[in-house]
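J.: My questions concern the predicted model and sequence given below.
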There are 2 protein chains.
Amino acid sequence: MIDGVHNDQVALETQTWSIAELAAEYDVTLRTIRFYEDRGLLNPERRGTVRVYHPRDRVRLGLILRGKRLGFSLDEIATIVDMYDAEPGEEGQLVYLLNQIGTRRAELEQRRRDIDETLRELAEVEHRCQTDLQALRTR
Amino acid sequence: MIDGVHNDQVALETQTWSIAELAAEYDVTLRTIRFYEDRGLLNPERRGTVRVYHPRDRVRLGLILRGKRLGFSLDEIATIVDMYDAEPGEEGQLVYLLNQIGTRRAELEQRRRDIDETLRELAEVEHRCQTDLQALRTR
DNA sequence: ATCATGCTTTACGTTTACGTAAGCGTCAAT
DNA sequence: ATTGACGCTTACGTAAACGTAAAGCATGAT
């Protein structure tokens, strides 16, 4: 309140988070976040020994966790997430990236087909259950 | 050819498979199939010590592997797969099953949202790559 | 008769993704 | 000056999902 700016209203460029804040926001443990750093998935700034997370780090954490929800391994997630940050670079690099993207897309589309099929079958089982339940109750 | 029936045309009720046949068909190792049995996911018939797989076992293996592709743990898969075989049973059992189905459905729908979002972002990155590639080549 | 093939069990090894202390530094508040 | 709150590193532990020998039966072919 010293300079007329509220505590929760910080200039966008300077917005940072502590490890505990990110952990709370994404509902993971501190250990998990440090582990991702260990595996090279995050590279927060250090002020002394303390980790300081910038918007870029926060976005990456979000991508990592979504990758996890999708069932990818951390190694796979590493290649995926790095694609977002990749600099234009040289032609070979770009072609490689495009191939990676193709592969990932194929995997994801297969997964979606699996999901849709499973949802259909769940609906079947559900219907069977409800039928059985009706039969039990009207008996 | 003895009785006018081709070798690959067997009465449906008697169709069975060896462990190696199933392994080849689904591209998993024998170890994996035995492991699933160890975890109670499969219960093939035994003729002596040898495992004999019936259509029911084959279907279950398919379900298990699809569950794996979807990123579920074997424990989760166990509860899912058992839902398919569940007998009508009593009311409490049915209600429990319906709840499980609701949970699974919610999870799967979340996953599908994740997938769609990821696919959109992959398309973005791909577009960026292609733009960069064009820039490089027309230079 | 023995050899290869296919199946079996038992059991220790491995990787992934963290959990869980243990022990210590730092800073603000009481 | 001590107490928390929060953070750090180091390091051993663990559950999941198999891999990988090792060693042995059974059976059909040579």
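T.: Perfect, I can see it now. Numbers count the residues shown, from 1 in each chain, chains lettered A, B, ... in the order given.
J.: per-residue confidence at A:D132?
T.: pLDDT, A:D132: 87.
J.: my guess is it contacts B:E91, does it?
T.: No. Using CB atoms under 8 Å, A:D132 is not in contact with B:E91; the gap is 9.1 Å. (Each C-beta comes from the backbone N, C-alpha and C, glycine too.)
J.: Looking at those two now, which is surrounded by more residues?
T.: Per other CB atoms under 10 Å in any protein chain shown, whichever of A:D132 and B:E91 has more neighbours is A:D132, with 19 against 12.
J.: Quick one: list the elements packing against the helix or strand in which that one is found.
T.: Using DSSP states H and E, A:D132 sits in helix A:91-137. For helix A:91-137, the packing partners by 3 or more CB pairs under 8 Å, 6 or more residues apart in numbering or on different chains; DSSP states H and E come out as helix A:74-85, helix B:55-69, helix B:74-85, helix B:91-137.
J.: give me that answer again for 6 Å
T.: Helices and strands touching helix A:91-137, as assessed by 3 or more CB pairs under 6 Å, 6 or more residues apart in numbering or on different chains; DSSP states H and E, comprise helix B:91-137.
J.: Domain ranges for chain A, per the record?
T.: Domain segmentation of chain A under automatic domain parsing yields A:1-85, A:89-139.
J.: chain center to the shortest one, what's the gap?
T.: So the one you mean is domain A:89-139. Offset of domain A:89-139 from its chain centre (CA atoms, centre = their mean, to the nearest Å): 18 Å.
J.: With the first one instead?
T.: Computed by CA atoms, centre = their mean, the separation of domain A:1-85 from the middle of its chain amounts to 11 Å.
J.: average model confidence for that domain?
T.: 84.
J.: between the domains of chain A, which one is nearest to DNA strand D?
T.: Nearest to DNA strand D, of all the domains of chain A, is domain A:1-85, at 2.9 Å by CB to the nearest atom of the strand.
J.: possible to save the domains of chain A as JSON lines with distance to B:E76?
T.: Listed next are those as JSON lines, based on distance: least, CB to CB, whole Å:
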{"stretch": "domain A:1-85", "distance to B:E76": "12"}
{"stretch": "domain A:89-139", "distance to B:E76": "12"}
